[in-house]
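Got a predicted structure plus its sequence, pasted below:
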Amino acid sequence: MKTSAYAGTYIEEVIVSLSNLYADVEEATGAFAAHYGIACPSGCGSCCERFIPDITHSEAVYIAAHLIFELGDDEIIERIHRHDGSGCPLYRSDTPFHCSVYPARPLVCRLYGSSAYHDKYGNTLFRSCRFVKAETTPRLPHFGEHVVRVQDFSYRLRSLDRDRGELSLLTELLPGLLEQLRFIATLAPFRDDPEEPLAG
Ligand code: SF4
């Protein structure tokens, strides 16, 4: 992302922390999917059409910053404000991977269908996406040692937030943050010292 507009603010802290986390997630899920032969069907975006992700405050900041400072796409922002509650407002059938903010998508979207989880007894389980056909994803992989579990990353994600990482629907968090960051964006060109924090 372009960092000059928010250098020295809490937005930069969030983006640095989440970029590191997401890079680790991408590496781990990529290796996991390759090792166990798991793959989404080409061109499928069915999960996003029927789903609104739960995200942390930091993740909402990250997405809002991507929309305002990177994409500057008012049409997507308006769609989020007008959202009618059905499906993810960031889903678009005509974009690569069907996500308007693919580089900034939240953790749950990165892990869905490409990670396992452990139950309360410590068993490692895998629930494949119901839209995935058997030929692209084995239903019950036999897991060896190198398994990515949702919990490995969700604890780390939640530790980044000041409010203990409470989760809320993307559609509840994003509209207010978009307005906050839009305001910060209007101040950025007039700042004398980009190292001076705007917000704490
Ligand atoms: S944020 Fe992107 S990947 Fe996640 S549900 Fe919405 S459109 Fe799909």
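Sure, I can see it. For clarity, every value in this text was computed on a predicted model and none was experimentally measured.

Give me the residue ranges of this structure where confidence is low.
1-4, 96, 132-146, 188-200 (pLDDT under 70).

most centrally placed residue in it?
Nearest to the mean C-alpha position of the chain, by Cα atoms, centre = their mean, lies residue 106 at 1.0 Å.

Quick check: that residue touching residue 52?
No: contact criterion Cβ atoms under 8 Å: residue 106 and residue 52 do not qualify, at 10.7 Å. C-beta coordinates here come from the backbone N, C-alpha and C atoms, glycine included.

What number of residues are in the vicinity of residue 76?
16 (other Cβ atoms under 10 Å).

who in the chain is up against the ligand?
Contact residues, the chain versus the ligand (Cβ under 6 Å from any ligand atom): 48, 51, 53, 88, 90-91, 99, 105-106, 109.

Most neighbours among those, which one?
Counting by other Cβ under 10 Å, top hit in the residues of the chain next to the ligand: residue 90 with 27 neighbours.

The one helix or strand residue 187 maps to: which residues count as buried?
Taking DSSP states H and E as the criterion, residue 187 maps to helix 170-187. For helix 170-187, a neighbour-count test (16 or more other Cβ atoms under 10 Å) marks 170-171, 173-175, 177-178, 181, 184 as buried.

Please name the bridge partners of the closest residue to residue 48 other than its chain neighbours.
Distance criterion Cβ to Cβ, 6 or more residues apart in numbering; nearest residue to residue 48, sequence neighbours excluded, is residue 91 at 4.1 Å. Note on residue 91: beta-bridge partners residue 99, judged by DSSP bridges.

give me the element the closest residue to residue 178 other than its chain neighbours is part of.
Spatial nearest neighbour of residue 178, excluding adjacent residues (Cβ to Cβ, 6+ apart): residue 64 at 4.9 Å. Using DSSP H and E, residue 64 sits in helix 57-65.

Counting neighbours, show which residues of that helix come out buried.
For helix 57-65, the neighbour count (16+ other Cβ under 10 Å) marks 57-65 as buried.

can you give me the offset of the helix ranked longest in the chain from its chain's centre?
The longest helix of the chain (DSSP state H) is helix 10-36. Taking Cα atoms, centre = their mean, to the nearest Å, one finds the center of helix 10-36 at 10 Å from the center of the full chain.
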